[in-house]
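*Asks:* How does the following fold in three dimensions:
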Amino acid sequence: MTEKIKELFIKYREIIVYLIVGGVTTIVSWTCMFFVNIVIFGNPLHPTSTQNFILSVVNWTAGVAFAYPTNRKFVFESKNPHIFSELFKFVLSRISTLILDIVVRQILGLMGIDVFITTIISAILVIIGNYVFSKLMVFRKKNKNSENEYDDQK
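*Replies:* Residues are numbered from 1 along each chain as shown. Have a look, this model is predicted:
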């Protein structure tokens with residue numbers, strides 16, 4: 001039984017570690033976002049569109065600041081020497097999911113759905129999008145026959 005669990009972990013290591021790191025990233029970013037909601041906005045259950053926008057930006061900024069180094073080191077185990085190029089792609093990919101987050105929050109907010117449910121729905125969509133972008137665009141290695149290990153080799 002232990003061998004089977006170990007085998008499954010090895011097979012799905014990247015996804016498992018991504019979910020763990022993503023969970024911690026979510027805790028960090030939500031803590032920052034709800035802190036701002038409480039301290040600056042007085043903790044409204046139904047924030048205004050402007051407040052939702054600000055909360056999305058706070059959530060995103062905290063998440064990206066935590067997620068890049070943890071995804072680089074623990075999830076994708078990147079050894080890419082071109083850190084700034086990789087970080088730039090990471091930030092660009094996260095901007096696209098920030099836009100997704102803002103749109104989802106605005107639509108669900110206008111539908112009268114409270115901030116907690118809106119946050120959970122948006123987070124699920126953003127987590128999926130972030131993994132796909134990270135896997136396919138940011139931390140992607142070239143195929144084994146290539147002379148350079150990383151796509152952004154200059």
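*Asks:* what about the closest residue to I40 other than its chain neighbours, which helix or strand?
*Replies:* Once flanking residues are discounted, I40 sits nearest to I54: 7.9 Å by C-beta to C-beta, 6 or more residues apart in numbering. C-beta coordinates here come from the backbone N, C-alpha and C atoms, glycine included. Assigned by DSSP states H and E, I54 falls within helix 49-70.
*Asks:* same for the helix or strand following that helix, what does it pack against?
*Replies:* Under the assignment DSSP H and E, the closest C-terminal helix or strand after helix 49-70 is helix 83-110. Contact analysis of helix 83-110 by 3 or more C-beta pairs under 8 Å, 6 or more residues apart in numbering; DSSP states H and E lists helix 49-70, helix 115-133 as its packing neighbours.
*Asks:* Can you check which of the ones you listed gets nearest to N43?
*Replies:* helix 115-133 (9.1 Å; C-beta to C-beta).
*Asks:* Counting neighbours, which bits of that closest one end up buried?
*Replies:* 115, 118-119, 122-123, 126-127, 129-131, 133 (16 or more other C-beta atoms under 10 Å).
*Asks:* show me the contacts for K135.
*Replies:* For K135, the contact set (C-beta atoms under 8 Å, 6 or more residues apart in numbering) comprises F76.
*Asks:* Need the pLDDT of it.
*Replies:* What the model reports for K135 is a pLDDT of 91.
*Asks:* and if you look at D101?
*Replies:* 86.
*Asks:* For burial, what's the neighbour tally of it?
*Replies:* A count of neighbours around D101, defined by other C-beta atoms under 10 Å, yields 26.
*Asks:* Local confidence estimate at K144?
*Replies:* 58.
*Asks:* hang on, I meant Q153
*Replies:* pLDDT at Q153 comes out at 49.
*Asks:* What of N148?
*Replies:* Value for N148, per-residue pLDDT: 55.
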